[in-house]
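> need a 3D model of the following:
(chains A and B)
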There are 2 protein chains.
Amino acid sequence: MKKETEEAVSRGPEVRVLLYGVGAMGSSIARLLLKKKGVKIVGAIDTAPEKAGRDLSEVIGARKSLGILVSNDPDILLSEVEADIAVHATSSFLEDVYPQLVKLIQHGVDVVSTCEELSYPYISDMDLTLKIDKLAKENGVTVLGTGINPGFVMDTLVITLTAVCQEVRHIKVERVMDAAKRRTPFQKKIGVGLTPEEFKEKMEKNLITGHVGLQQSIAMIGNALGWHLQKISVGPVEPIVAEGFVESDGIKIEPGNVRGLRQTAHGITDRKTSITLVFEAYVGAQEEYDSITIEGTPSIHEKITPCVHGDLSTAAVIVNSIPKVINAAPGLKTMKDLPIPSATLEDMRLYLE
Amino acid sequence: MKKETEEAVSRGPEVRVLLYGVGAMGSSIARLLLKKKGVKIVGAIDTAPEKAGRDLSEVIGARKSLGILVSNDPDILLSEVEADIAVHATSSFLEDVYPQLVKLIQHGVDVVSTCEELSYPYISDMDLTLKIDKLAKENGVTVLGTGINPGFVMDTLVITLTAVCQEVRHIKVERVMDAAKRRTPFQKKIGVGLTPEEFKEKMEKNLITGHVGLQQSIAMIGNALGWHLQKISVGPVEPIVAEGFVESDGIKIEPGNVRGLRQTAHGITDRKTSITLVFEAYVGAQEEYDSITIEGTPSIHEKITPCVHGDLSTAAVIVNSIPKVINAAPGLKTMKDLPIPSATLEDMRLYLE
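Numbers count the residues shown, from 1 in each chain, chains lettered A, B, ... in the order given. As a prediction, this is how the structure comes out:
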């Protein structure tokens, strides 16, 4: 056991975290966890052949050794290691993560996941959702999908702001980011530098999928407000093409080539659009922001400038959610079911009930 | 019983609301309640001699008669009327409202109150707070103090935004409003049009008290973040004096006279200021806004322009909190203990668990 201060010991044992998925996001979350007090990484799972058996510290880029090897066998690891909660970061899609979640739940481990479709899974796959909820309740486990988007800027924060309204007629949310400031894999994912033909081709091959989560954000807002959504329409991914030369943060785009993408989604109630989400990520965006406009009584115009940083803040939202998930009653939860989110800045045990 | 649609009947009986205090704020909340479905005002208490025995509709300025007379005797009314929740709007101070809350709690009625000191009462009076919590638990009742400020813009929203941060070093919140756009009683309360000498005199006589709630907002933020606040210092109320002629929305201020006031409060941790709140209300403010600046990783710059409307939104926050309070476990709650706030736009019963 680590050397601890008396104060920390009096708070009881550290929160034991299992990492499930140590790709770019999982590693970033793990590095943040290592900076926090009152929490301990007790194991790591990743099925990628190049990670299995390797030292976790190396894989996540931590300075000191953690004495943990990455396992590629969840069954073996879960039978050997006791954990309070799993930080799960493997896939955007509910179907992919479902069998992984089942194993965690059956071993009595709470789950906080970056899986976009899990942020409001009722709209992703009702059958799997009900199964997860049932199994979680049977095993006394809480499961949450969250992140910055979906999970915060286009849903949780929007819902929170409606609390000051007597009436709401329409909600518009925009997230605009300069892709030049993001990681190269993100730039690739949104087609930066491609010709429009190459972009179209990659779209057809599902190599460019656009943002996952707009549908979930709209469904979560609708449910929180008690709106009956007749339809959620997620528009096609549209390339944003450079008119002239574009240069930002060392990234150069030739005229006619792709700077990034735009995606729009609508929630329809009573044959009219009640919720509009606009997501834009492209090189050289003049202003980066997250804005929420609520037309209602009163109307609310809210803006975060620059937009909330995707990578830093997804890791933050996941880690900050850990005590809320541990404190919550068993079952599948979404951000709208939990107490208001907040930062966990001190010893993690301080926030446990 | 009112005629109801089959759908509404299938949802069970309406939420029965008792009004405790039908002054300007209580009346505004009551008028909003009358616009909502699935909720019914079942009684009203106000101890002001000019209100007792009068028709409630007249007192609150409602169009149609409600068949309710305002009672000045809570004991009699509470023994005659069954209510699910009381909307309480009588005073800013915990000491004043305590005996009123006790009566409501002893009759098994949930409470949502505009009392500023109740929004985070632990810092207002720990003894009374613990008594309220104990009594509420014994009687299976939930008690919440909320509103727009304290209750939302300078605390709940701030705490919510920290959820995207890995680290937080300093938080600054500003609320700037043009007093010309507010009710005349509000203008009087902040000394609009007085000479600086008159302002000082009214301050000394406690006729100008400044904003109540800065201390509560800081304490709530500190508690949510797990910060140990060594000190909360609420600065003196400072008059904002007109340099030249000021005119806004028909209000004219002579040079040298008071346009309104400014108040600043600080939360100190580890001998440094970690939380700064600035409240300004004065005639002719060039820009009305609520802003939150979090210095951290990442830093967050958030702004609502114009500032959230005090009167409209306090009524909204109170009414929107009703289902959350009814759903919550018994005891004294603050906004940080409840699920994320949201608007109740449809039949109130839709939001009950």
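> so which helix or strand takes in residue A:25?
Counting by DSSP states H and E, the element that carries residue A:25 is helix A:24-35.
> in that helix, what's buried?
Applying a neighbour-count criterion of 16 or more other CB atoms under 10 Å in any protein chain shown, the buried positions in helix A:24-35 are A:25, A:26, A:27, A:28, A:29, A:30, A:32, A:33, A:34. All C-beta atoms are positioned from the backbone trio N, CA, C, and that covers glycine.
> now, which of the residues you listed sits nearest residue B:195?
Distances from residue B:195 to the buried residues of helix A:24-35, taken as CB to CB, are shortest for residue A:32 (55.7 Å).
> ok, for the closest one, nearest residue in space, not its chain neighbours?
Nearest-residue entry for residue A:32: residue A:315, 4.7 Å, with adjacent residues in sequence omitted and distances by CB to CB, 6 or more residues apart in numbering or on different chains.
> that's a helix at that neighbour, yeah?
Yes - under the criterion used here (DSSP: H, G, I helix; E, B strand; the rest coil), residue A:315 sits inside a helix.
> surely it meets residue B:166?
Yes - in this structure, residue A:315 sits in contact with residue B:166. The criterion is CB atoms under 8 Å, and the distance is 6.6 Å.
> what touches both of those two?
Both residue A:315 and residue B:166 are in contact with residue A:32, where contact means CB atoms under 8 Å, 6 or more residues apart in numbering or on different chains.
> picking that back up, how about the buried residues of helix A:24-35, which pair is most distant?
Farthest-apart pair in the buried residues of helix A:24-35 is A:25 and A:34; separation 15.3 Å (CB to CB).
> got any ranges where chain A has weak pLDDT?
Along chain A, the parts satisfying pLDDT under 70 run over A:1-10.
> can you list the domains in it?
With automatic domain parsing serving as the domain definition, the record reports that chain A contains domains spanning A:2-147+A:312-351, A:156-308.
> so which residues on the stretch 201-350 of chain A come close to chain B?
Where proximity means CB under 8 Å from any CB of the partner chain, the interface of the stretch 201-350 of chain A facing chain B comprises A:224-227, A:296-298, A:300-306, A:308-309, A:312-313, A:315-317, A:319-321, A:335-347, A:350.
> what subset of the residues you listed is buried?
Buried members of these, scored by 16+ other CB under 10 Å, are A:224-227, A:296-298, A:300, A:302-304, A:306, A:308-309, A:312-313, A:315-317, A:319-321, A:335-345, A:347, A:350.
> helices - which of the residues you listed land there?
Restricting those to those inside helices, with DSSP state H as the criterion, leaves A:224, A:225, A:312, A:313, A:315, A:316, A:317, A:319, A:320, A:321.
> what separates the closest residue to the third one other than its chain neighbours from residue A:159, distance-wise?
Of all residues beyond its chain neighbours, the one nearest residue A:312 is residue B:298 (5.0 Å), with distances taken as CB to CB, 6+ apart. Residue B:298 sits 22 Å away from residue A:159 when distances are taken as CB to CB, to the nearest Å.
> and of the ones in helices among the buried ones among the residues of the stretch 201-350 of chain A next to chain B, the nearest to residue B:70?
Nearest to residue B:70 among those, counting by CB to CB, is residue A:225 at 33.2 Å.
> dump the residue contacts of the closest one.
If you count contacts by CB under 8 Å, 6+ apart, residue A:225 has them with A:159, A:162, A:168, B:342, B:343, B:345, B:346.
> from residue A:246, how far out is residue A:192?
10 Å.
> give me the more crowded residue out of these two.
When residue A:192 is set against residue A:246 and neighbours are counted by other CB atoms under 10 Å in any protein chain shown, the residue ahead is residue A:192, at 25 against 21.
> surely the more buried one meets residue A:261?
No - the pair formed by residue A:192 and residue A:261 falls short of the contact definition of CB under 8 Å, at 9.1 Å.
> what's the overlap in contacts for the two?
When CB under 8 Å, 6+ apart defines a contact, the residues bordering residue A:192 and residue A:261 alike are residue A:282.
> which of the helices or strands spans residue A:187?
When elements are defined using DSSP H and E, residue A:187 is found to belong to helix A:184-189.
> is chain B contacted by that helix?
No - on the criterion CB under 8 Å from any CB, helix A:184-189 is out of touch with chain B, staying 15.9 Å away.
> how about residues contacting that helix?
Taking contacts as CB under 8 Å, 6+ apart, the residues outside helix A:184-189 that touch it are A:24, A:179, A:180, A:193, A:208, A:209, A:251, A:260, A:281, A:283, A:310.
> which one of the residues you listed sits closest to residue A:217?
Using CB to CB, residue A:310 comes nearest to residue A:217 of the contacts of helix A:184-189, at 14.6 Å.
> what's the neighbour count on that closest one?
Neighbours of residue A:310 under the rule other CB under 10 Å: 21.
> residue A:168 in helix, strand or coil?
In terms of secondary structure, residue A:168 is strand; the call rests on three-state DSSP.
> that one reaches residue A:162, doesn't it?
Yes - in this structure, residue A:168 sits in contact with residue A:162. The criterion is CB under 8 Å, and the distance is 5.6 Å.
> joint contacts of those two?
Contact criterion CB under 8 Å, 6+ apart; residues shared by residue A:168 and residue A:162: A:225, A:294, A:296, B:343.
> list the contacts of the last one.
The contact partners of residue B:343, by CB under 8 Å, 6+ apart, come to A:162, A:163, A:165, A:166, A:167, A:168, A:225, A:296, B:316, B:320.
> skipping adjacent residues, who's closest to the residue of the stretch 101-250 of chain A found nearest chain B in space?
Sorted by distance to chain B under CB to the nearest CB, the residues of the stretch 101-250 of chain A start with residue A:163, at 3.4 Å. In space, not counting the residues next to it along the chain, residue A:163 is nearest to residue B:341; the distance is 3.4 Å by CB to CB, 6+ apart.
> quick check: that neighbour touching residue A:160?
Yes - using CB under 8 Å, residue B:341 and residue A:160 qualify as a contacting pair, with a distance of 5.8 Å.
> find residues that contact each of the two.
The contact sets of residue B:341 and residue A:160 overlap at A:340, B:156 (CB under 8 Å, 6+ apart).
> could you pull out the helices for the stretch 51-200 of chain A?
Shown for the stretch 51-200 of chain A, the helices assigned by DSSP state H, counting those that start in this stretch span residues A:56-60, A:74-80, A:94-106, A:126-138, A:156-162, A:184-189, A:196-204.
> for the first one, which helices and strands make contact with it?
Which is helix A:56-60. Secondary-structure packing of helix A:56-60 (3 or more CB pairs under 8 Å, 6 or more residues apart in numbering or on different chains; DSSP states H and E): helix A:24-35, strand A:39-45.
> redo these as TSV? Include distance to residue B:328.
As requested, those are exported to TSV (distance: least, CB to CB, whole Å):
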stretch	distance to residue B:328
helix A:24-35	31
strand A:39-45	28
